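K.L.:
Compute the structure for the input listed below.
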Amino acid sequence: MSKLYMLTKQDCPNCNRLKLYLKTVLKDKYINDITIVDKEEHYDLFVKMVKTHMVLALPVLIKDNEILIDMNPIKVKEFLEKHIDK
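P.N.:
Numbering: from 1, shown residues only. Modelled structure (predicted):
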């Protein structure tokens with residue numbers, strides 16, 4: 001089974017909002033199912049994924065070849081529910 005990734009970077013307001021949403025509203029329900037790829041911590045993997053998926057903005061959720069760029073809370077929840085069986 002492939003992983004669900006979240007591409008992020010430090011000092012990114014939108015990234016911080018998504019992390020806060022995952023933690024507070026979704027109560028860390030998906031925390032163990034998401035592999036966070038931080039630009040500063042995992043630079044090589046981050047760059048590879050950005051190039052592979054042609055990412056232009058952060059944060060982004062990636063599962064296989066499906067990418068969610070719109071961080072609307074409803075869309076985030078739908079994306080997670082679709083790809084994570086909980």
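
K.L.:
Check which element follows whichever strand or helix holds Lys48 along the chain.
P.N.:
Assigned by DSSP states H and E, Lys48 falls within helix 43-53. As assigned by DSSP H and E, the chain's next helix or strand after helix 43-53 is strand 60-63.

K.L.:
Need the contact partners of that next one.
P.N.:
By C-beta atoms under 8 Å, 6 or more residues apart in numbering, the surrounding residues in contact with strand 60-63 are 2-7, 34, 49, 53, 67-69, 76, 79-80, 83. From N, CA and C alone the C-beta is placed, and that goes for glycine too.

K.L.:
Out of those, list just those in helices.
P.N.:
Per DSSP state H, helices hold the following members of the contacts of strand 60-63: 49, 53, 76, 79-80, 83.

K.L.:
Turn these into JSON lines, including pLDDT.
P.N.:
Formatted as JSON lines, the ones in helices among the contacts of strand 60-63 follow (pLDDT from 0 to 100):
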{"residue": "Met49", "pLDDT": "96"}
{"residue": "His53", "pLDDT": "95"}
{"residue": "Val76", "pLDDT": "96"}
{"residue": "Phe79", "pLDDT": "97"}
{"residue": "Leu80", "pLDDT": "96"}
{"residue": "His83", "pLDDT": "94"}
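
K.L.:
Mark which of the contacts of strand 60-63 are buried, thanks.
P.N.:
For the contacts of strand 60-63, a burial check counting by 16 or more other C-beta atoms under 10 Å picks out 4-7, 34, 49, 53, 67-68, 76, 79-80, 83.

K.L.:
From those, pick the one nearest Glu40.
P.N.:
The nearest member of these to Glu40, counting by C-beta to C-beta, is Leu7 at 11.9 Å.

K.L.:
And Pro73, how far from Lys27?
P.N.:
Relative to Lys27, Pro73 is positioned 14 Å away (C-beta to C-beta, to the nearest Å).
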